[in-house]
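>>> When you get a sec, could you give me coordinates for this:
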Amino acid sequence: MSATGADCPEAKPVTIAVGADEARFGLTSAIAKHLLELGYQVADYGVHDRTPVLYADVALEVAQAVPAPVRPTPGAMSPPLALGALQVLGRP
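Okay, here's the model as predicted:
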């Protein structure tokens with residue numbers, strides 16, 4: 001997939017939602033930076049420091065940011081519990 005989601009100049013840039021808990025905030029920041037360098041837009045739902053949070057709260061924000069169907073706007077979460085968050089919202 002290209003950063004615009006298509007190979008035409010009129011296409012909108014693809015926005016990728018990212019999020020993680022405090023244990024992985026550094027990884028999420030690195031992924032977001034890399035995606036920006038590739039030309040994607042990034043919606044970062046945190047966290048941005050090591051303050052403890054409930055992972056489910058972040059996962060819910062990321063999942064709600066990804067419109068159905070999932071294909072047009074990808075989202076990235078860590079760890080694998082992210083799949084459960086998407087399934088709760090009725091997304092494949």
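
>>> Backbone dihedrals for Val58, please?
Comment: the main-chain dihedrals of Val58 come out as phi -70, psi -40, following degrees, to the nearest 10.

>>> just checking, it touches Asp44?
No: the pair Val58 and Asp44 does not pass the contact test of CB atoms under 8 Å, sitting 10.3 Å apart. No exception for glycine: its C-beta is placed from N, CA and C like everyone else's.

>>> These two: which has the busier surroundings?
Set side by side, Val58 and Asp44 give different neighbour counts by other CB atoms under 10 Å, the larger being at Val58 (24 against 19).

>>> For the strand or helix carrying Ala59, which helices and strands make contact with it?
When elements are assigned from DSSP states H and E, Ala59 belongs to helix 55-65. Contacting helix 55-65 under the criterion 3 or more CB pairs under 8 Å, 6 or more residues apart in numbering; DSSP states H and E are the following elements: strand 15-19, strand 75-77, helix 81-88.

>>> Comparing these by mean pLDDT, which bottoms out?
Across those, helix 81-88 has the smallest mean pLDDT, namely a mean of 53.

>>> is it true that Asn31 lies in a helix?
Heads up, residue 31 is Ile, not Asn. Yes: when the secondary structure is assigned by DSSP: H, G, I helix; E, B strand; the rest coil, Ile31 falls within a helix.

>>> how far away is it from Ile16?
From Ile31 over to Ile16 the distance is 9 Å, taken as CB to CB, to the nearest Å.

>>> That concludes my questions; thank you for your assistance.
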